[in-house]
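**Q** can't give you the sequence, but here's the structure:
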């Protein structure tokens, strides 16, 4: 009960998306995760990346340092990107007092990465507390001047936009509706079964092919990482960091093409390692997944979801793009790392907006949905 839920997101991210800046939005969302992971090192903390932000649980012993780091990240977002990083900090005790819970499971994706799964309604409730402008928000992190240096070690954003395995990438967000937890679980099982019937099973669902991974040398694609990693330094430091990334990417490209082994890293198989540690499906009170297929497959999926939506069993949102973005946390070149996947041009953020519109069409809002979750928890 003494832990805290950290919720981060880019306020008004739709405008940034319309201006073609979704890669920057993704990077700042991932930056909030890596900044906290580099502070909380005594325990393995759970987190979920949401495209334009993240949900992270932290122990009270590290809360003060986490606040300082996130204030600095807010400053970087404003000064370097002209974006507003919203940060909320909700005590777990407030979640429990409101009748919700946060249950955590661990899913082993590969030997290098275990993904957190959240259920119980607590993450949804905390998110609504942070984003509800209708009430004075005591949980939002208040801006204060803080130009301290934050450790962003591990944050990398150096791959070109990736052509998905098939024709298109679908960023999907599904929220099951039911009066009992059994009903809700059953709906998610059926949706996942349908996805597998349409797109395949196991590794077939992974939208990334290792052969389509290429390091970038583009200033536009590399500059966001340079802005975050150089923090408060001058333009010359940022320029030098940019060229250092280009040199490292050149060496990495040569090592991978020549299949060299350097400092214990087998570069010939590195792309395969990356493809096997991608975070393309997740669950945090709702199902979110990036799929790759053709237009006929996506239409079959949308038709199925429309039928379930019409029956009042779920709401969903989807966004289709021709590319995917990858933002990476690499703590060990051969070891602990995760690669966040999202659809280009809006991905999960626009899928969430699409879902909210369908909720509105059904006269269903988050307050109603949260009441349903609270009732299920009591049962």
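**A** That came through fine. Small disclaimer: the values here were computed from a predicted structure and weren't measured. Numbers count the residues shown, from 1 in each chain.
**Q** Tell me where the stretch 151-300 of the chain has helices.
**A** 181-199, 219-230, 235-258, 270-275, 295-310 (DSSP state H, counting those that start in this stretch).
**Q** Adding mean neighbour count, distance to residue 213 and mean pLDDT, write these out as JSON lines.
**A** Heads up, the C-betas are built off the backbone N, CA and C, glycines and all. Below are those laid out as JSON lines (neighbours: other C-beta atoms under 10 Å; distance: least, C-beta to C-beta, whole Å; pLDDT from 0 to 100):
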{"stretch": "helix 181-199", "mean neighbour count": "16", "distance to residue 213": "21", "mean pLDDT": "94"}
{"stretch": "helix 219-230", "mean neighbour count": "19", "distance to residue 213": "14", "mean pLDDT": "93"}
{"stretch": "helix 235-258", "mean neighbour count": "14", "distance to residue 213": "9", "mean pLDDT": "94"}
{"stretch": "helix 270-275", "mean neighbour count": "18", "distance to residue 213": "5", "mean pLDDT": "92"}
{"stretch": "helix 295-310", "mean neighbour count": "15", "distance to residue 213": "23", "mean pLDDT": "96"}
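**Q** how far away is the residue positioned nearest the centre of the chain from residue 167?
**A** The centre of the chain sits closest to residue 49, judged by C-alpha atoms, centre = their mean, with a distance of 2.3 Å. Distance from residue 49 to residue 167, counting by C-beta to C-beta, to the nearest Å: 25 Å.
**Q** What of residue 276?
**A** When residue 276 is compared with residue 167 (using C-beta to C-beta), they lie 23 Å apart.
**Q** do residue 362 as well
**A** From residue 362 to residue 167 the distance is 31 Å (C-beta to C-beta).
**Q** Check residue 190 too.
**A** Relative to residue 167, residue 190 is positioned 26 Å away (C-beta to C-beta).
**Q** pLDDT value on residue 375, please?
**A** pLDDT for residue 375: 66.
**Q** Pretty sure residue 165 sits against residue 205.
**A** No - look at residue 165 against residue 205 with C-beta atoms under 8 Å: they stay out of range, at 9.5 Å.
**Q** where are the low-confidence patches of the stretch 51-200 of the chain?
**A** Applying pLDDT under 70 to the stretch 51-200 of the chain flags the ranges 132-136, 143-147.
**Q** And the strands in it?
**A** 53-58, 84-91, 103-110, 113-119, 155-156, 168-176 (DSSP state E, counting those that start in this stretch).
**Q** out of those, which comes closest to residue 346?
**A** Of all the strands of the stretch 51-200 of the chain, it is strand 168-176 that lies closest to residue 346, at 7.7 Å by C-beta to C-beta.
**Q** ok now that closest one, how far from the chain's centre?
**A** Relative to the centre of its chain, strand 168-176 is centred 13 Å away, using C-alpha atoms, centre = their mean, to the nearest Å.
**Q** Which residue is the nearest non-sequential neighbour of the residue nearest to the centre of the chain?
**A** residue 340 (4.6 Å; C-beta to C-beta, 6 or more residues apart in numbering).
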